[in-house]
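> For reference, the sequence and a predicted model appear below.
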Amino acid sequence: MSLFNPILLSIPESFESARLIIRAPLYGDGAAVNEAVIESREELWPWMPWAKSAPTIEESEITIRKSRLEYLARTDLRLLLIHKETGQLVGSSGLHRMDWQARSFEIGYWARTSYAGQGYITEAVDAITNFAIHVLEANRIEILCDARNQRSAKVAERAGFTLEGILRNDKCANDGSLRDTMIFAKARGAEF
């Protein structure tokens with residue numbers, strides 16, 4: 001029996017929620033991502049190691065191009081969150097650390113500061129969860145976050161994910177301190 005190869009999957013490039021176009025990264029998206037990261041660095045840095053320093057537009061474009069290639073190779077499915085009315089980048093999300101054999105995925109996310117606290121990330125997580133279940137035939141979807149990141153934990157709770165556990169002293173936080181990691185999940189047969 002041969003192993004399943006996810007590169008053979010026909011995965012849509014985009015889908016929508018009520019207020020968002022959720023789509024794969026495209027060459028040329030670097031400038032918009034750079035603008036959002038620069039605006040949001042202060043809020044992102046405690047949780048996102050990549051936000052430590054301000055990237056150049058070229059660095060952001062390189063990251064986008066790598067994400068595009070990973071999307072096509074099915075090794076990471078980064079998704080950009082675009083506001084339907086304004087066309088502005090609201091944030092980024094996606095399906096990461098995938099196990100295609102088990103059909104297990106992790107959802108990560110961040111919001112641009114000017115769009116934070118308005119329900120966009122919960123809306124995106126709901127849509128991406130639905131996409132993972134119905135298009136990718138997910139059996140398990142996880143959200144992991146620093147236990148101190150209550151905003152991220154609240155998104156997981158609002159999206160109906162179950163807190164399965166807390167890994168104590170699991171990782172080093174960006175400030176060098178030990179942190180606990182909360183694991184939220186939805187699993188086929190339990191939550192869907």
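Structure's in. What do you need?
> Assign a three-state SS to Ser114, would you?
helix (DSSP: H, G, I helix; E, B strand; the rest coil).
> List the contacts of Ile183.
Going by Cβ atoms under 8 Å, 6 or more residues apart in numbering, Ile183 touches Glu142, Ile143, Leu144, Leu163, Glu164, Gly165, Ile166, Leu167. Heads up, the C-betas are built off the backbone N, CA and C, glycines and all.
> What score does it have for pLDDT?
Looking at Ile183, its pLDDT stands at 98.
> So in terms of bridging, what pairs with it?
According to DSSP bridges, the partner residues bridging Ile183 are Leu144, Gly165.
> Look up how far Asn169 lies from it.
14 Å (Cβ to Cβ, to the nearest Å).
> try Val125
27 Å.
> So for those two, which sits in the more crowded spot?
The residue with more neighbours, out of Val125 and Asn169, is Val125; 23 against 10, by other Cβ atoms under 10 Å.
> now the helix or strand where that one lies, how far from the chain's geometric center?
Using DSSP states H and E, Val125 falls within helix 120-134. Put simply, helix 120-134 sits 10 Å off its chain's centre (Cα atoms, centre = their mean, to the nearest Å).
> Kindly report the same for stretch 13-27.
13 Å.
> ok, Gly28 - contacts?
Per Cβ under 8 Å, 6+ apart, neighbours of Gly28: Glu61, Ile64.
> So Ala102 sits against Ile141, correct?
No. Applying Cβ atoms under 8 Å as the test, Ala102 and Ile141 come out as separate, 11.4 Å apart.
> now the helix holding Val125: mean pLDDT?
Helix 120-134 carries an average pLDDT of 98.
> Give the other helices and strands that that helix contacts.
On a contact count with 3 or more Cβ pairs under 8 Å, 6 or more residues apart in numbering; DSSP states H and E, helix 120-134 meets strand 14-16, strand 20-23, strand 77-83, strand 89-99, strand 104-111, strand 140-146, helix 150-158.
> quick one, it and strand 140-146 angle?
Relative orientation of helix 120-134 and strand 140-146, computed by axes from the mean of the first three to the mean of the last three Cα atoms, to 10 degrees: 150 degrees.
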